[in-house]
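Trainee: Pasting the sequence and the predicted model now:
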Amino acid sequence: MHKKKKGIGNGLVLWIIGIYLLFPLLLTFLYSLFTEWITILPEGFSLNGYAELFQDSYFWQSIGRSLLISIVPIVLCTVAVLLAMYVVVVYLPGLDKIMRTICTIPYAIQGVILPISVLGLYANAPEPFSNRVFMLVCTYCIVVLPYIYQGVRNNLNAVHAPRLLEAAQMLGAGKFYAFWKIILPNITSGIMVCGKLFPDRTDVSVLSHAPVGSACQRGYCGPVRRDAADFSGSFRTAER
Amino acid sequence: MSYIEFKNINKFYGENQVLKNISLNVEKGQFVTLLGPSGCGKSTLLRCLSGLEEISSGQIIMDGKDITDLEPRDRNIGMVFQHYSLFPNMTVEENIAFGLKMKKKSKQEIAKKVKEAMEMVELTGKEKEYPDNLSGGQQQRVALARSIVQEPKVLLLDEPLSAIDAKLRKSLQNSIKEVHKKLGLTSIFVTHDQDEAMVMSDTIHLFHEGKIEQSSDPITMYTSPVSKFAAAFIGNYNILTEQEFEKVTGRKIHSPEGIAIRPETLQISDGKTPEAEYVFEGVITDNTPKGNVLQYHVDVNGIPLKVDVVFRSKVLFENGNRIRISVADHNCIRL
């Protein structure tokens, strides 16, 4: 069989898009290495900014929190949805409609309403429910749910999961084994794409700023108190 | 005792009964076809045998053992699906080896059996390809190899050729028959294509609305349909009521369920009076070339008839020609 020849044009297009996407990041990085950039060429090369930043413990804490808050909800939600979809696909296909309805409810909740509701409900609650990071992770789980669910569902449909499961069963595999060893590897890339799409939602920034925002900037990520000043501040942020 | 026995099988989906008290036997080494239109229950019966569907009532015996409540993996049955159902993340080799790995066979044994199976379905050289890089026919060959490599007691084929183009279908029909003969497998084939059923089968079970309409060898099925449905489905018969038959031939016969006449048993002539029990005249209204057969549509006293003749280099008659048609009495099947 002859392999298709890859045209030069295809590669060129990819390079142009790559440069277009990386260009702003590259310039920002360059800008950060110089103290002044008024004329065509920058002046005053310095790595002091980076040295100070990397020595600041708040910076590393915020990086850690950011990673925690952005990765944990997606992982948690994906595992939960996958387990639920396994049950739906294998044993109870009739429940798919109910699951779809439940999972798409968060679409209807605006980013402004959700944090206010969460703060109202969990402020003064015992730990860990009133912990800002815990609260945010759980809230993100709700927001991310429709994206993950839709991603998992579409990918399961695309690979014709029930057919593959039946084929695997006929070859001697158990249902659970077949789901995790055959279905999952075929839908992983699709789920990853859905997970990456989630942070693009504009109300996500509102969501994170309201319960955590200013307090965490000051290094405090402990429990939310109803009478605390940052609580009313959060309301103001959210209302804005 | 037969190798496979279906005893009074009933299957309901809610209120809808798709299998109605089906009882049939399959002998060891036979190639059996379940034939019928969509929704008649043939695939459901196959899936019940595979264990992918539970029956509502009845019993399935295979090789003297009751397998009614066994899991699919415990039945040692191979199945080839209509849409191939190959695992996209695995190579051809891995797909074929999957069942053997599940049975925890040694690596050497797996490699040997996979090689043999690939040779049998003429796929040598495609071991490292992924299913997406193969044609429909090649994918179905992989599916066939994946099933036979396990050495199943029974091979089930659920419309395996319906998604494949006509030319490839012929070649795959031959491959399936060769594999069946070589391995001496008991095979059950599901199709809605009567020609395919005729070519492939030792025995055909014709399904209609959840019941078996007729069971016989292909020639008997074709020449002696037992009902109007069998005549219409199998042989593309002309089916006439008693009144219509009298209008066409001018003679009465008794057959309350109707009379079936195969299109190729009607003889056409333009002049001479042919020798046969029934001779009548008609006008050609249309003609349709069907490969090596030319089908004339003839109007006989307002009754439309189909008449097949072997196709020759030029059309013998044209639309509007008046012709004589004759048919022997033994070709007028009383239903």
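Mentor: Good, I have the coordinates.
Trainee: now the helices for chain A?
Mentor: With DSSP state H, the ranges of helices along chain A come out as A:8-32, A:48-55, A:57-90, A:96-108, A:113-122, A:132-158, A:161-170, A:175-178, A:184-197, A:203-209, A:213-217, A:229-239.
Trainee: With chain B instead?
Mentor: Secondary structure of chain B (DSSP H): helices located at B:42-50, B:92-102, B:107-120, B:136-148, B:166-183, B:194-200, B:218-223, B:228-235, B:242-249.
Trainee: Which one of the helices of chain A lies nearest to residue B:207?
Mentor: Nearest of these to residue B:207, taken as CB to CB: helix A:161-170 at 21.4 Å. C-beta here means a position set from N, CA and C on the backbone, and glycine is covered the same way.
Trainee: sorry, back to before: looking at the helices of chain A, which one is packed in the most?
Mentor: When you average the neighbours per residue for each of these (mean count of other CB atoms under 10 Å in any protein chain shown), helix A:161-170 leads with a mean of 22.
Trainee: which residues sit against it?
Mentor: If you take CB atoms under 8 Å, 6 or more residues apart in numbering or on different chains as the criterion, helix A:161-170 is touched by A:89-90, A:93, A:175, A:177-179, A:181-183, A:186, B:50-52, B:71-73, B:77-79, B:81, B:83, B:85-87, B:98, B:147.
Trainee: residues in chain A within reach of chain B, list them.
Mentor: Within chain A, the positions adjacent to chain B are A:159-160, A:163-164, A:166-174, A:182, A:185-186 by CB under 8 Å from any CB of the partner chain.
Trainee: try it again with 10 Å
Mentor: A:1, A:158-160, A:162-175, A:177-178, A:181-188 (CB under 10 Å from any CB of the partner chain).
Trainee: still on that earlier bit, quick one, which of the helices of chain B is nearest to chain A?
Mentor: Smallest distance to chain A across the helices of chain B (CB to the nearest CB): 3.4 Å, for helix B:92-102.
Trainee: and the closest one with helix B:107-120, angle?
Mentor: With axes from the mean of the first three to the mean of the last three CA atoms, to 10 degrees applied, the angle from helix B:92-102 to helix B:107-120 works out at 130 degrees.
Trainee: Is helix B:92-102 in proximity to chain A?
Mentor: Yes - in this structure, helix B:92-102 sits against chain A according to CB under 10 Å from any CB; the contacting residues are B:95, B:96, B:97, B:98, B:99, B:100, B:101, B:102.
Trainee: Quickly note the distance from the nearest residue to residue A:183 once chain neighbours are set aside to chain B.
Mentor: If you skip the residues right next to it in sequence, residue A:183 has residue A:161 as its closest partner in space, 5.1 Å away by CB to CB, 6 or more residues apart in numbering or on different chains. Note on residue A:161: its distance to chain B, by CB to the nearest CB, to the nearest Å, is 11 Å.
Trainee: okay, now residue B:231: neighbour count?
Mentor: Here the number of neighbours of residue B:231 (other CB atoms under 10 Å in any protein chain shown) works out to 25.
Trainee: you'd agree it is up against residue B:255?
Mentor: No - using CB atoms under 10 Å, residue B:231 makes no contact with residue B:255, being 11.7 Å away.
Trainee: Can you check which residues contact both of the two?
Mentor: When contacts are counted by CB atoms under 10 Å, 6 or more residues apart in numbering or on different chains, residue B:231 and residue B:255 are jointly contacted by B:333, B:335.
Trainee: Please name every helix or strand in contact with the helix or strand of chain B with the lowest mean pLDDT.
Mentor: Every helix and strand in chain B was compared by mean pLDDT, DSSP states H and E; the lowest is strand B:267-269, with a mean of 82. Helices and strands touching strand B:267-269, by 3 or more CB pairs under 10 Å, 6 or more residues apart in numbering or on different chains; DSSP states H and E, are strand B:278-290, strand B:303-310, strand B:322-327.
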